[in-house]
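Participant: sequence first, predicted coordinates after that:
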Amino acid sequence: MPCTCTTMIDPAVTPDAAPEAQPTLGLIGMGAMGTMYAKAFAAEGWQKIYVCDLPSKYEALKEAWKDTPNVHVLKDGHAVARISDWMMYSVEAEFVDRVVAEYGPSTKVGAIVAGQTSVKAPERLAFEKYLPEDVHIISCHSLHGPTVSPLGQPLVIIQHRAPPEALKLVENVLSVLKSRYVYMSYEEHDIVTANTQAVTHAAFLSMGSAWAGEATYPWEHGYYVKGIETVKVNIMLRIYSNKWHVYAGLAILNPSARVQIDQYARSVTEIFKLMLAADDVALRRRIYDARDAVFGKEAAANGHARRPILLSEDVLDRFSLGKRPPTDTSLTPIEGRAPANSHLSLLAMVDCWARLGIQPFVHLELAATPIFRLWIGVSEYLFRSQERLDAAIFAALYDVSHRSNDMEFVIAARGWSQCISFGSFELYKSRFEQTAQFFKPRFEDATKVGSAMIQVIMESSD
Ligand SMILES: NC(=O)C1=CN([C@@H]2O[C@H](COP(=O)(O)OP(=O)(O)OC[C@H]3O[C@@H](n4cnc5c(N)ncnc54)[C@H](OP(=O)(O)O)[C@@H]3O)[C@@H](O)[C@H]2O)C=CC1
Ligand SMILES: O=C(O)C(=O)Cc1ccc(O)cc1
């Protein structure tokens with residue numbers, strides 16, 4: 001029997017109400033996302049915030065929050081679950097079953113339970129298996145990383161097992177994040193995030209592995225210091241500087257993600273084979289067909305049905321981690337531009353979207369992460385200009401100067417796809433950490449520059 005009881009809290013209660021009228025808010029897992037939520041709740045004045053991480057971190061966590069009077073650190077998840085009217089599990093997807101099994105039975109009668117997990121299939125199973133029937137399930141997922149401001153970003157809400165007044169309370173509690181609510185079911189969530197996040201991450205993970213495989217820092221040679229190359233480098237670094245388990249979880253545990261990531265590796269390989277064969281006709285037909293499927297036929301005529309995400313590449317130059325060679329004023333603009341790049345990662349991305357029937361712009365309106373928005377932005381920038389697209393195809397077919405990097409990219413994309421298909425967290429972690437180690441010296445810079453770059457593109461494409 002699903003729970004019919006409702007919490008005694010007024011769903012419209014505000015942070016300036018008397019403490020006894022306010023909901024008790026609980027957070028289990030005080031890593032990057034738990035901390036972001038606790039800070040937002042505390043800053044906006046919710047009075048009763050109860051948090052925990054693993055019992056071994058109790059003292060350190062108490063010390064960290066000692067100057068925030070409305071955040072109370074407890075020893076473990078039982079203590080948090082027993083008293084919370086609304087609570088969220090913000091732990092690794094790989095562990096969610098184990099953690100909910102342990103603390104779920106302690107959930108307060110009539111409470112509302114959420115998870116922040118990036119992949120919902122295991123969270124849903126755990127909630128249905130271990131939560132008592134007299135509690136509500138309304139899950140959530142902030143579609144951005146912990147270093148991006150939640151303001152205006154999509155926040156998925158999944159009303160799985162709860163009456164309307166419980167939903168109202170959740171909307172009210174989370175309103176302090178000032179995010180944009182997107183309502184979907186558990187199943188819809190995993191399909192959308194496989195289409196948007198998982199396959200996008202596969203592209204950036206592969207770029208990192210390819211550069212590390214060549215033992216070169218991309219910002220140290222002329223190819224990657226300008227324009228859309230800056231996005232590739234900065235987002236790659238941003239992903240490798242985040243926790244490996246976030247990406248492993250959403251790729252390995254999302255039932256839809258493997259198919260998308262496998263198609264991406266397939267697209268990369270097949271396009272590379274056409275490049276090696278210098279098969280101009282077949283490559284051109286394949287890429288133009290993909291463009292028409294994803295961007296619409298009008299793109300071929302340089303028409304823009306909607307305003308592009310990226311209006312100009314020049315705005316990106318100031319976020320470059322490398323130094324641009326000084327402009328040689330004796331060269332024409334064509335001679336002076338960056339060396340030709342096949343943009344294999346982008347040709348394959350659009351080909352992959354086309355083959356899977358993914359309409360990235362539909363996701364963009366609804367539930368795009370900042371990284372996905374930027375990735376569509378650079379794809380669109382390349383594909384909606386006949387001149388730029390033809391230059392990439394020409395480089396792919398006839399300019400071998402970039403081919404060794406393209407070959408590394410094929411190997412990397414295939415390797416990531418295979419690793420994810422094996423479903424091994426250990427293997428994923430080793431691959432991820434090996435590459436992350438290579439890039440570690442630039443993570444601090446990259447986080448700052450990447451956040452500033454995301455902010456500027458978000459504001460200009462609103
Ligand atoms: N980082 C991101 O960009 C985003 C992440 N998410 C999702 O949010 C969730 C949390 O991610 P994030 O905060 O980045 O990861 P973190 O690793 O920073 O935080 C997870 C925390 O939960 C702790 N934990 C594990 N088991 C328990 C337990 N039994 N009781 C209490 N705490 C426990 C972990 O401890 P320990 O490290 O010792 O295991 C860790 O401190 C994940 O499911 C992720 O997919 C969602 C949106 C964005
Ligand atoms: O924007 C992205 O894709 C990120 O890499 C940050 C991120 C990671 C995991 C999530 O569940 C949500 C956002």
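Facilitator: In hand now; what should we look at? Given the structure is predicted, the values throughout are model-derived calculations rather than measurements. Residues are numbered from 1 along each chain as shown. Ligands and ions are numbered 1, 2, ... in the order given.
Participant: excluding its backbone neighbours, what's nearest the residue of the stretch 301-450 of the chain found nearest ligand 2?
Facilitator: Closest approach between the stretch 301-450 of the chain and ligand 2, counting by C-beta to the nearest ligand atom: residue 369, at 3.1 Å. (Each C-beta comes from the backbone N, C-alpha and C, glycine too.) The spatial neighbour of residue 369 that comes closest, neighbours along the chain excluded (C-beta to C-beta, 6 or more residues apart in numbering), is residue 143 at 4.7 Å.
Participant: ok but residue 281 is inside a helix, no?
Facilitator: Yes: checked against DSSP: H, G, I helix; E, B strand; the rest coil, residue 281 lies within a helix.
Participant: ok so, going back, tell me who's in contact with the residue nearest to residue 369.
Facilitator: Neighbour list for residue 143: 153, 154, 155, 156, 182, 367, 368, 369 [criterion: C-beta atoms under 8 Å, 6 or more residues apart in numbering].
Participant: what does the chain put close to ligand 2?
Facilitator: Counting by C-beta under 6 Å from any ligand atom, the positions of the chain adjacent to ligand 2 are 118, 143, 144, 145, 197, 239, 246, 369, 370, 371.
Participant: out of those, who's nearest residue 9?
Facilitator: The closest of the residues of the chain next to ligand 2 to residue 9 turns out to be residue 143 (C-beta to C-beta; 26.9 Å).
Participant: give me the neighbour count for residue 228.
Facilitator: Residues lying near residue 228 (other C-beta atoms under 10 Å) number 21.
Participant: so does stretch 57-68 get close to ligand 1?
Facilitator: No: looking at stretch 57-68 against ligand 1 by C-beta under 6 Å from any ligand atom, there are no contacts, and the closest approach is 7.0 Å.
Participant: need the contacts of residue 143 in TSV (columns: neighbour count and secondary structure).
Facilitator: Converted to TSV, these look like this (neighbours: other C-beta atoms under 10 Å; DSSP: H, G, I helix; E, B strand; the rest coil):
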residue	neighbour count	secondary structure
153	19	coil
154	19	strand
155	21	strand
156	21	strand
182	19	strand
367	23	helix
368	26	coil
369	23	coil
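Participant: any chance of the residues of the chain next to ligand 2 in JSON lines, plus distance to residue 411?
Facilitator: Shown next, in JSON lines, are the residues of the chain next to ligand 2 (distance: C-beta to C-beta, whole Å):
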{"residue": "118", "distance to residue 411": "27"}
{"residue": "143", "distance to residue 411": "31"}
{"residue": "144", "distance to residue 411": "31"}
{"residue": "145", "distance to residue 411": "28"}
{"residue": "197", "distance to residue 411": "23"}
{"residue": "239", "distance to residue 411": "19"}
{"residue": "246", "distance to residue 411": "24"}
{"residue": "369", "distance to residue 411": "27"}
{"residue": "370", "distance to residue 411": "29"}
{"residue": "371", "distance to residue 411": "23"}
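Participant: and the buried ones among these, selectable in ChimeraX?
Facilitator: A single ChimeraX command selects the buried members of the residues of the chain next to ligand 2 (16 or more other C-beta atoms under 10 Å):
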select :118,143,144,145,197,239,246,369,370,371
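Participant: of the residues of the chain next to ligand 2, list those near ligand 1.
Facilitator: 118, 145, 246.
Participant: thinking again about what came up before, greatest separation within the contacts of residue 143: which pair is it?
Facilitator: It's 155 and 368 that sit farthest apart of the contacts of residue 143, by C-beta to C-beta, at 12.6 Å.
Participant: I'd say residue 113 and residue 124 touch.
Facilitator: No: between residue 113 and residue 124 there is no contact under C-beta atoms under 8 Å: 11.5 Å.
Participant: identify the contacts common to those two.
Facilitator: Common neighbours of residue 113 and residue 124 (C-beta under 8 Å, 6+ apart) are residue 139.
Participant: who has more neighbours, these two?
Facilitator: For residue 113 versus residue 124, the count of surrounding residues by other C-beta under 10 Å is larger for residue 113: 28 against 23.
Participant: which of the three states applies to the more buried one?
Facilitator: Applying three-state DSSP: residue 113 is strand.
Participant: ok, it - contacts?
Facilitator: In this structure, residue 113 makes contact with 87, 88, 89, 104, 107, 127, 131, 135, 136, 137, 138, 139, judged by C-beta under 8 Å, 6+ apart.
Participant: turn the contacts of residue 143 into a markdown table, including pLDDT.
Facilitator: Below are the contacts of residue 143 laid out as a markdown table (pLDDT from 0 to 100):
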| residue | pLDDT |
| --- | --- |
| 153 | 93 |
| 154 | 96 |
| 155 | 98 |
| 156 | 98 |
| 182 | 97 |
| 367 | 90 |
| 368 | 91 |
| 369 | 94 |
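Participant: ok so, going back, next up, phi/psi of the residue of the stretch 301-450 of the chain closest to ligand 2, please.
Facilitator: phi -80, psi 160 (degrees, to the nearest 10).
Participant: same thing with residue 320?
Facilitator: Per-residue torsions, residue 320: phi -70, psi 140 (degrees, to the nearest 10).
Participant: that one contacts residue 232, doesn't it?
Facilitator: No: under the criterion of C-beta under 8 Å, residue 320 is not in contact with residue 232, lying 11.1 Å apart.
Participant: neighbours of residue 397, how many?
Facilitator: When counting by other C-beta under 10 Å, one arrives at 18 neighbours for residue 397.
Participant: can you classify it by secondary structure?
Facilitator: Per three-state DSSP, residue 397 ends up helix.
Participant: quick one: it from ligand 1, how far?
Facilitator: 38 Å (C-beta to the nearest ligand atom, to the nearest Å).
Participant: could you do residue 406 as well?
Facilitator: Counting by C-beta to the nearest ligand atom - residue 406 and ligand 1 are separated by 29 Å.
Participant: so that residue touches residue 342, yeah?
Facilitator: Yes: between residue 406 and residue 342 there is a contact under C-beta under 8 Å: 5.9 Å.
Participant: mutual contacts of the two, please.
Facilitator: Between them, residue 406 and residue 342 share the contacting residues 275, 396, judged by C-beta under 8 Å, 6+ apart.
Participant: list the buried residues for stretch 99-117?
Facilitator: 99-100, 102-104, 106-108, 110-117.
Participant: near ligand 1, from those residues?
Facilitator: 99, 116, 117.
Participant: count the residues that sit near residue 400.
Facilitator: Other residues within reach of residue 400, judged by other C-beta under 10 Å, total 11.
Participant: quick one, what contacts it?
Facilitator: Contacts for residue 400 (C-beta under 8 Å, 6+ apart) come out as none.
Participant: state the distance from it to ligand 1.
Facilitator: Per C-beta to the nearest ligand atom, residue 400 is found 38 Å from ligand 1.
Participant: residue 279 too?
Facilitator: To ligand 1, residue 279 is 40 Å away according to C-beta to the nearest ligand atom.
Participant: can you check residue 201 too?
Facilitator: Counting by C-beta to the nearest ligand atom - residue 201 and ligand 1 are separated by 11 Å.
Participant: residues near that residue, how many?
Facilitator: As a burial measure, residue 201 scores 24 neighbours (other C-beta under 10 Å).
Participant: ok, it - contacts?
Facilitator: Residues in contact with residue 201, defined by C-beta under 8 Å, 6+ apart, are 239, 247, 250, 251, 371.
Participant: next helix or strand past the helix or strand where it lies?
Facilitator: If you go by DSSP states H and E, residue 201 is part of helix 199-213. Downstream of helix 199-213, the next assigned helix or strand under DSSP H and E is helix 227-241.
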